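1. Need a 3D model of the sequence below.
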Amino acid sequence: MATIMMKKALTWILVFLILLSTVTALGIAPSRKVIDYEPGEIQLGGRILNNEKQAMKVMLIAEGPLKEHVTFEQNILNIKQDQGEFPFTYTVDIPESLEPGTQEINILAVQLPPDETVLVVNLPGDDTPESIITTSYETEKNVDDQKEVSARIAVTQQLRIMVPFPGQWVDGRLFIQTANIGDDIEFVVSIFNRGTEPVNVSGRIIIKGPTNQLIDEIELTTQHLAENGEGKLVGQWKNVEYAGEYLAEAQILFADKHFTLQKQFSVGNLFIQIKDIVVANFRLGSIAKFDVLVRNQWNKAVQEIFANFTVLDKAGKVLSTFKSSEISLQALQEGNVTGYWDTAGVDQGAYDINVILNYASRTSEKLFSAVVGLDSIEFINSPIGRVIDDSERFQQTYQLLIALVGLLILLNIVGITIFIRKKRS
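-> Below you'll find the model as predicted:
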């Protein structure tokens, strides 16, 4: 059983490598064409990209509800090794009375292997507008009465025909800029007249919190769109007070119709602030209880928050480390993380207490300067801490490794130079 599973896994890995190499070898440009609706014949085209400069045979296929309206000047292309690009053309006979909206035709370019016939075509769904869409192909042939299936990749050019709606009709997209606390956030709705008449467009932005509660409402500018025209509606959410995750609903109004666009956005970064530290009822030689006041600056609950404490003397020597228990904080809530320091054998004097708060793959850090007396620990003003996420921690490690590699290279050069000089002398 294990052997069969291993063979299957190796087969899939081999298929994946075949697909990957074919994607690299074959390309198409442009990956998308958008045209306005006009009945009748129109000639279009593109370029096959021979990225690896290899001789190949490529077949062109039309797919979609309108595929019968597509004819190719050549549907089999013989591309030579020295041809980095190979042009192709096709004609679309756009029929009368198409349904309003976006009508789509897919032009597939398939690299044909020798002595194989394409039997199955599996089209993917519509991905992002900018991506080059790849399509899996299966080809099969009989060898000694056994069916062999090999995988192939096709690249796709999407042809979109924009058929207008009768009367007034508007389409749009919502864009939101990133921002931090205290900034103004700009909302932009790009609008397009998809109808046959001019239209006036207005709208508003409804901002909701993570529990769907209403936070604010912002009016957008108005715009007049001519037939086939486009424009923008703009609004600002001024001086945002709280970091967190939000939902924007753009309600777009035109004629006696409306539609809604939704998009999630964030303000600032998830951050838990270390605000203060207190030690009460302290006696030197006993166990000191550190209560660190922290505040969740995010608008959602954060779980599994804990602190690591490091006690250092003024020479920077680590005297003790200890860890707090875990707590949870609701949105915009304050709470205490508590740690305990055994001061047996500790002398009176000045110390540094470094507190690193851990939560959601991030850390907030703050260094406190403390004076330990017989019956008190007093804290002196200290620099504000900062938050470090995983990506910043990785960047710091990466920079350290680069520096170490550079140092090793330098030491090797110095060593080789000394060796050569000794050998010559």
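2. which residues of the stretch 301-425 of the chain fall in helices?
-> 390-424 (DSSP state H, counting those that start in this stretch).
3. How about the chain?
-> Using DSSP state H, the helices of the chain run over 2-25, 390-424.
4. What ranges does the stretch 1-150 of the chain have for its strands?
-> Remark: strands assigned in the stretch 1-150 of the chain by DSSP state E, counting those that start in this stretch are 26-29, 32-36, 40-50, 56-63, 70-72, 76-79, 85-94, 101-112, 118-122, 133-143, 146-163.
5. and the ones you listed as TSV, adding mean neighbour count, mean pLDDT and distance to Ala360?
-> Backbone N, C-alpha and C define where each C-beta goes, glycine included. Formatted as TSV, the strands of the stretch 1-150 of the chain follow (neighbours: other C-beta atoms under 10 Å; pLDDT from 0 to 100; distance: least, C-beta to C-beta, whole Å):
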stretch	mean neighbour count	mean pLDDT	distance to Ala360
strand 26-29	18	90	41
strand 32-36	13	91	38
strand 40-50	16	94	43
strand 56-63	19	93	45
strand 70-72	17	95	52
strand 76-79	15	93	52
strand 85-94	16	95	48
strand 101-112	20	93	41
strand 118-122	12	42	40
strand 133-143	15	43	35
strand 146-163	18	73	39
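6. Can you add distance to Tyr359 and give those strands back as JSON lines?
-> What follows is these, written out as JSON lines (distance: least, C-beta to C-beta, whole Å):
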{"stretch": "strand 26-29", "distance to Tyr359": "45"}
{"stretch": "strand 32-36", "distance to Tyr359": "43"}
{"stretch": "strand 40-50", "distance to Tyr359": "47"}
{"stretch": "strand 56-63", "distance to Tyr359": "50"}
{"stretch": "strand 70-72", "distance to Tyr359": "57"}
{"stretch": "strand 76-79", "distance to Tyr359": "56"}
{"stretch": "strand 85-94", "distance to Tyr359": "53"}
{"stretch": "strand 101-112", "distance to Tyr359": "45"}
{"stretch": "strand 118-122", "distance to Tyr359": "44"}
{"stretch": "strand 133-143", "distance to Tyr359": "40"}
{"stretch": "strand 146-163", "distance to Tyr359": "44"}
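7. Mind checking these for the one nearest to Lys275?
-> Closest approach to Lys275 among these is made by strand 133-143 (51.2 Å; C-beta to C-beta).
8. residues in contact with the nearest residue to Ile94 once chain neighbours are set aside?
-> For Ile94, ignoring the flanking residues on the chain, the nearest one in space by C-beta to C-beta, 6 or more residues apart in numbering is Pro39 at 5.3 Å. Neighbouring residues of Pro39 by C-beta atoms under 8 Å, 6 or more residues apart in numbering: 94-96.
9. ok, so of the residues you listed, who is nearest Ala280?
-> Ile94 (81.1 Å).
10. any idea how far the residue nearest to Ile94 is from Glu63?
-> Here the criterion is C-beta to C-beta, to the nearest Å. By it, Pro39 lies 21 Å from Glu63.
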